[in-house]
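K.L.:
What would the 3D arrangement of this be:
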Amino acid sequence: MTKTRKMKKPRRSPKGFKRLPTGPNGGVELLLIQSVEHLGTHGDVVEVKSGYANNYLIPQGLATVATDHHKRMVDKHKEKLAQIARLKLKGFEDLAAEIEKLSLTIEANANEEGHLYGSVGAAEIVNAMKQSAISVGQEQIRLEGVLKELGLYTVKVRLHQDVDADLKVWVVPSVEEGESDKSSGDQ
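P.N.:
Okay, the predicted model is just below:
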């Protein structure tokens, strides 16, 4: 008896299954729905190997097929985000102009030479700004060190990566209770 060899049937893709479109380098071209570390950010068109696309990116909902329709939708969304970013930047610039006009006075206990018993830091500056109806966070105040002497200081306030403002801060001696008692007794 002679053995007959069975011929392998050509592999066919299941019905309804479409092959993913390939990019110029032979990989699969996808549009990222979410940012993926070491690959790209939201809205980027990337080219990856088919196994990475089929087994990770698409099932996890991190990417979709990069069709022309999807690309147009992402472009419109990016335009809206850019417009919102421009409006926020304009608001930060207006706030910076308001801060530049402001001059804060902070009272602190000091000796006769003008050295403070404590120090004035970002928290005190933020509290003084709140009294002037301007709200910023302590992390936005850029001090080179705490303020330890009486005087006029220029403090940087970082509102945005592109917007900084210079704030004038006066550190003055606090009115001591003993001095106010002496002045009231003289009358």
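K.L.:
Can you show me the strands along the protein?
P.N.:
Shown for the chain, the strands assigned by DSSP state E span residues 28-32, 45-48, 63-65, 103-108, 115-120, 141-142, 147-149, 151-160, 163-173.
K.L.:
Give me the sheet partners of the longest one and which way each runs.
P.N.:
Taking DSSP bridges as the criterion, strand 163-173 sits next to strand 103-108 (parallel), strand 151-160 (antiparallel) in its sheet.
K.L.:
With mean pLDDT, mean neighbour count and distance to A97 added, can I get those in JSON lines?
P.N.:
Placement of C-beta: from N, CA and C, glycine included. Listed next are those as JSON lines, based on pLDDT from 0 to 100; neighbours: other C-beta atoms under 10 Å; distance: least, C-beta to C-beta, whole Å:
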{"stretch": "strand 103-108", "mean pLDDT": "92", "mean neighbour count": "15", "distance to A97": "14"}
{"stretch": "strand 151-160", "mean pLDDT": "93", "mean neighbour count": "15", "distance to A97": "11"}
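K.L.:
To V36, which of those strands lies closest?
P.N.:
Checking the strands paired with strand 163-173 against V36 by C-beta to C-beta gives strand 151-160 as the closest, at 26.5 Å.
K.L.:
Give me the contacts around that closest one.
P.N.:
With contact meaning C-beta atoms under 8 Å, 6 or more residues apart in numbering, strand 151-160 is reached by 88-89, 92, 95-96, 99, 114, 125, 136, 140-143, 147, 164-171.
K.L.:
7 Å - rerun?
P.N.:
89, 92, 95-96, 99, 125, 136, 140-143, 147, 164-171 (C-beta atoms under 7 Å, 6 or more residues apart in numbering).
K.L.:
that older thread, and of the strands of the chain, who's closest to S132?
P.N.:
strand 103-108 (7.0 Å).
K.L.:
can you give me the angle that closest one makes with strand 115-120?
P.N.:
Strand 103-108 runs at 120 degrees relative to strand 115-120, counting by axes from the mean of the first three to the mean of the last three C-alpha atoms, to 10 degrees.
K.L.:
quick one: contacts of strand 103-108?
P.N.:
Outside strand 103-108, the residues within contact range by C-beta under 7 Å, 6+ apart are 116, 118, 120, 124-125, 128-129, 132, 167-172, 174.
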